[in-house]
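1. Provide a 3D model corresponding to the input given below.
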Amino acid sequence: MEITNAESLSAELRRPEIAAPLGEATGARGRASLPSRIAYVLHGPVIGGVEIATLRLACAIKESGGFRPIAFCHGEQTSVSRMFDESGIETVSYTAGHFSYFHPGPFWRGVHRFARELHRHRIDLIHCADMTGAYHAGAAAKWRRTPLLCHIRSNFPNFELRYKPPLLAVDRFAFVSHATWRNFNKIFRVHKSHGTVVYDWAPPPPLRSLDGAAARQRVRRELGMESDAPVFGMIARIAPQKDFETLLNATARVVALLPSARLLLVGEYQATKNDAAYPEYYEYYQRLRRLIEEKQLSEHVIFMGFRDDIPDLLRAMDVMVLCTHSEGLPLVLLEAMGLGCPVIATSVGGVPELVLHNETGLLHEHADDEELARQILLLINDKQKAVALAEGGRRFVSTRFSRERTVKDVKDLYLRLLGARSVAHPAGFLRS
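-> As a prediction, the model looks like this:
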């Protein structure tokens, strides 16, 4: 059936087989004893912190019982959908159009398709991995009377007004840090009764991971480095949201004093224009390549791409750096600190809630490559200082950021939202 306008689409979505009956409670469809089905909505086609955090959460929720996670991934056969599928999480592909006041048809047809997928997979609750997921799922969730939880993991300095209406369909927001909540309130106010902070956790290294000395030796041998060469690195998708320019400028200062130093850049990047999921990511990568040539850093910087041996790579580094423009609560910092790797990070967003300066790591001001270079040199040259900060960071994340606490907090949110559905409160009661 071809949907030509919003009015006919609205009628189509109200058909009994698509729209959930008013007042229908979760579990009232003859399967109350079965696990509630949670749709995790992921809009990005490439793997980054948001996707990894959502995968970890989905796997932990599945393992804990009572819920069945299903990953709704935007696009066909993306690296994100493959990652979830290989981890044993059922995946569903969907497509969504961009909203336009002049040509709304593609967007509303995407809403229609999304609503049908929710019905086909008998989804009880939607958990959006980030704000853009709510942009894709919001209208369909409201029509189907499906509770909607939206995770906010980043800051949005370039917030577009087209994202605002779908956020009215969100029943509850989960923020990864208090700073993320404060920043989000600048563009869309969330009352304290409709939001909560849920910290991520630092996962233990996988069983197949090598011990520290063996991992360090293996990685350095793979890269053709001396065992005592100074190595620092950054683990992040190569994207404009990160501040790789400042890191490269700091690297130039470091190698001027330590010519044997190497920088490892670990994360997915778009090296060819034809394969670029996001054209801006390809352009950004090319810009970084030009900066590396300009600074004569080609022999010192190694792009490693996406890796699944992050614990081993962290153990091969003397220092892990996160140089960035904006952050919620970076997973990579949790992981590095949990493994006892010294960290240096930009003092933005929720980073200071995790990195306490001179206690659990070092903080530098945004875009200050001179300060960053000094800190890298300090931790490479002062092993005692590096060990003290690493141990402080390891203790901090092990006591404050646990898997059990996060899973309990999220499951409590799910149960609260599923219980609220039984009284059929209207979606979209948040005010901006």
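2. switch to C-alpha atoms for all contacts and neighbour counts from now on
-> Noted.
3. K192: neighbour count?
-> 10 (other Cα atoms under 10 Å).
4. A71 bridge partners, please.
-> In this entry, A71 is beta-bridged to Y40, T91, by DSSP bridges.
5. and it, how far from E293?
-> 41 Å (Cα to Cα, to the nearest Å).
6. higher neighbour count, those two?
-> Neighbour count, other Cα under 10 Å: between A71 and E293, A71 has more, with 25 against 11.
7. which strand or helix spans E371?
-> Element membership of E371, judged by DSSP states H and E, is helix 369-381.
8. which residues are in contact with the following helix or strand past that helix?
-> Where DSSP H and E defines the elements, the next helix or strand beyond helix 369-381 is helix 383-400. The contact list for helix 383-400, computed with Cα atoms under 8 Å, 6 or more residues apart in numbering, reads 201-202, 334, 337-343, 354-355, 358-361, 379-380.
9. which of the residues you listed fall within strands?
-> Counted as lying in strands by DSSP state E, out of the contacts of helix 383-400, are V343.
10. distance check, the most centrally placed residue in the chain against H43.
-> In the chain, the residue lying closest to the centroid (Cα atoms, centre = their mean) is V50, at 1.3 Å. Taking Cα to Cα as the measure, V50 and H43 are separated by 10 Å.
11. what's the closest non-adjacent residue to P69?
-> I38 (4.8 Å; Cα to Cα, 6 or more residues apart in numbering).
12. so how far is the helix or strand containing the one you found from its chain's centroid?
-> Per DSSP H and E, I38 falls inside strand 36-42. Relative to its chain's centre, strand 36-42 lies at 16 Å (Cα atoms, centre = their mean, to the nearest Å).
13. likewise for stretch 365-373?
-> For stretch 365-373 - counting by Cα atoms, centre = their mean - the centre lies 25 Å from the chain centre.
14. now that stretch: average pLDDT?
-> Stretch 365-373 comes out with an average pLDDT of 98.
15. hmm, who's touching that stretch?
-> 243, 246-247, 249-251, 253-254, 324-325, 344, 346-348, 364.
16. so which of these is the most crowded?
-> With neighbours taken as other Cα under 10 Å, the top of the contacts of stretch 365-373 is T251, carrying 27 neighbours.
17. ranges for the strands of this structure?
-> Using DSSP E, strands in the chain cover 36-42, 67-74, 90-94, 125-128, 148-152, 172-175, 195-197, 231-235, 262-266, 301-305, 319-322, 343-346, 362-364.
18. contacts for stretch 153-170, please.
-> So stretch 153-170 is contacted by 50, 99, 130-132, 134-139, 141-142, 147-150, 175-176, 180, 183-184, 187-188, 326-329, 349, 427-431 (Cα under 8 Å, 6+ apart).
19. just want the angle from the helix holding E371 to helix 383-400.
-> Helix 369-381 and helix 383-400 are oriented at 100 degrees to each other (axes from the mean of the first three to the mean of the last three Cα atoms, to 10 degrees).
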